[in-house]
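Enquirer: Here is my input, please return the structure:
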Amino acid sequence: MQLQTILNRVEKQKGFVYSNVSFNKNQELEIEVRPRRNSRAICSGCGQKGPTYDHTSVRRFQFVPLWGIAVFLVYSMRRVDCKECGVTTERIPWACGKNHLTYTFRLFLATWGKRMSWKETATVFSTSWDSVYRAVQWVVHWGIVHRDLTGIESIGIDEIQHRRGHHYLTLVYQLDQGCKRLLCVRKERTEASLRSFFDLLDAQTIRGIKYACTDMWPAYLKVLRERASGTTNILDRFHIMKKFSEALDKVRADETRQLLRDGYEPVLTKSRWCILKKRENLTETQTVRLNELLKYNLRTTKAYLMREDFNRFWTYSSPAWASKFLRDWCTRANRSGIEPMKRMAKMLERHEPLLLNWFEARGLSSGIVEGFNNKAKLTVRKSYGFKEVETISTALYHQLGELPEPIRTHKFC
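Expert: Now for the predicted structure:
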């Protein structure tokens, strides 16, 4: 079976035929492409067929490598004498514009670019990092244009830090059962960042969003009230318990320093993780250490017991009883004299309605959002320090967006 026969099976080009196949001096495989006899070129401007005006110099278009050998399609493009556009270069079915990569090779590179770093992909397939990036960018842009944004019922909104300092990206995810994906990446974590996401959706889709999982960032809460007032905003267990851990850790750190200053035995030294971790996740040594600490009358011990007591909030099935428990807990926390816990109580009182929304959507958790965020951070780390937001956004959409891809006759990988 000849190579031309294989190409006609996996990559047939309408109006063109594969001709001579040869090796060049660099041991690259060159496949000559020529138009079919009596075929008319297509204008790249209006898409109408027209007579040939002349031919340009020979161009090479890189194709998927064969047995580790670089493959190029070689073609002298025709110029069309178009009645509407004048003399223009013809439109060809395997590439566009001045790009030297075929559509198939770009899709091939983008697929491998999802499995490996872009640098590794470029090295393995003997191309440049820029070519891999342009290939991924093309696939992502095509996917964004052709994706379906209707029927969204649940979203998660959060931010990640993409470089040192206060440089953030706002990420919006779809959290529906059977469809979890990244919907939007925007620079910074401002009101404008989130508004630009809602600008992508029509009014019917926005009205169809039932639940939104967020943290307590005021800019996000304000935009949700303005643009999606019918959406139930949820502050769930993950974010609240994360704040509890931060408050408890501050109590422990402050009391550790106080004991050292006052000359007492440093009983809290190296006790951080046995206090912060869940009991079921403690090692045997940490369990023994925690039991010893609970015998001391310390602010850290009181704060720990208060956090453990608050876990009963999530066991209620009735929002009314959960609300009563929350208010009772906040009263005890305000009387405890432990400042981080008093601040925690004030925060819970401010966001009580959003906390109680958790009981309306028990199956929805921002733990899914945090899982996506971990993948997003891994993508940024694997990218070896992209600095441009556009490049980072492209990588995130490519990895997490579940975007549709152009349909090809043959799937090479």
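Enquirer: For the helix or strand where Ala333 lies, which helices and strands make contact with it?
Expert: Here Ala333, judged by DSSP states H and E, is contained in helix 319-335. Counting contacts by 3 or more CB pairs under 8 Å, 6 or more residues apart in numbering; DSSP states H and E, helix 319-335 is packed against helix 299-310, helix 339-350, helix 352-356. Using the backbone N, CA and C atoms, a C-beta is placed for each residue, glycine as well.
Enquirer: what's in contact with that helix?
Expert: Helix 319-335 is contacted by residues 306, 309-310, 312-313, 316, 341-342, 344-346, 348-349, 352, 355-356, 359-360 when judged by CB atoms under 8 Å, 6 or more residues apart in numbering.
Enquirer: As JSON lines, the helices and strands packed on helix 319-335 with mean pLDDT, mean neighbour count and distance to Ile160 would be great.
Expert: Rendered in JSON lines, the data for those read as follows (pLDDT from 0 to 100; neighbours: other CB atoms under 10 Å; distance: least, CB to CB, whole Å):
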{"stretch": "helix 299-310", "mean pLDDT": "95", "mean neighbour count": "18", "distance to Ile160": "26"}
{"stretch": "helix 339-350", "mean pLDDT": "95", "mean neighbour count": "18", "distance to Ile160": "22"}
{"stretch": "helix 352-356", "mean pLDDT": "89", "mean neighbour count": "17", "distance to Ile160": "22"}
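Enquirer: Please name whichever of those is nearest to Val223.
Expert: helix 352-356 (14.4 Å; CB to CB).
Enquirer: which strands and helices sit next to that closest one?
Expert: Where contact means 3+ CB pairs under 8 Å, 6+ apart, helix 352-356 is packed against helix 319-335.
Enquirer: Return the set of buried residues in the helix it packs on.
Expert: Buried residues in helix 319-335, counted by 16 or more other CB atoms under 10 Å: Pro319, Ala322, Ser323, Phe325, Leu326, Trp329, Cys330, Ala333.
Enquirer: can you check stretch 250-269 too?
Expert: Those would be Lys250, Val251, Arg252, Glu255, Thr256, Leu259, Val267, Leu268, for stretch 250-269 by 16+ other CB under 10 Å.
Enquirer: List the contacts of the last one.
Expert: The one in question is Leu268. Going by CB under 8 Å, 6+ apart, the list of residues near Leu268 reads Arg252, Glu255, Thr256, Leu259, Leu293, Leu298, Thr300.
Enquirer: Check which helix or strand the fourth one maps to.
Expert: Right, the one you point to is Leu259. Using DSSP H and E, Leu259 falls in helix 237-262.
Enquirer: So which bits of the helix or strand that comes right after that helix are buried?
Expert: Counting by DSSP H and E, the element after helix 237-262 in chain order, helix or strand, is helix 272-276. By neighbour count on 16+ other CB under 10 Å, the buried set for helix 272-276 is Cys274, Ile275, Leu276.
Enquirer: Quick one: distance of helix 272-276 to the chain centre.
Expert: Relative to its parent chain, helix 272-276 has a centroid offset of 31 Å by CA atoms, centre = their mean, to the nearest Å.
Enquirer: Which neighbouring elements make contact with it?
Expert: helix 237-262, helix 284-293.
Enquirer: Which strands or helices does the first one pack on?
Expert: Contact analysis of helix 237-262 by 3+ CB pairs under 8 Å, 6+ apart lists helix 272-276, helix 299-310, helix 339-350 as its packing neighbours.
Enquirer: Figure out which of these is closest to Arg79.
Expert: Closest among the helices and strands packed on helix 237-262, using CB to CB: helix 339-350, at 68.5 Å.
Enquirer: Give me the residues contacting the closest one.
Expert: Residues from elsewhere that reach helix 339-350, judged by CB under 8 Å, 6+ apart: 216, 240, 243-244, 247-248, 250-251, 303, 306, 326-327, 329-330, 333-334, 336, 355.
Enquirer: Now with 6 Å, please.
Expert: Residues from elsewhere that reach helix 339-350 (CB atoms under 6 Å, 6 or more residues apart in numbering): Ala247, Lys250, Val251, Ala303, Met306, Cys330, Ala333, Asn334.
Enquirer: for stretch 55-65, same thing?
Expert: 71-74, 76-78, 95, 100-102, 104-105, 108, 412.
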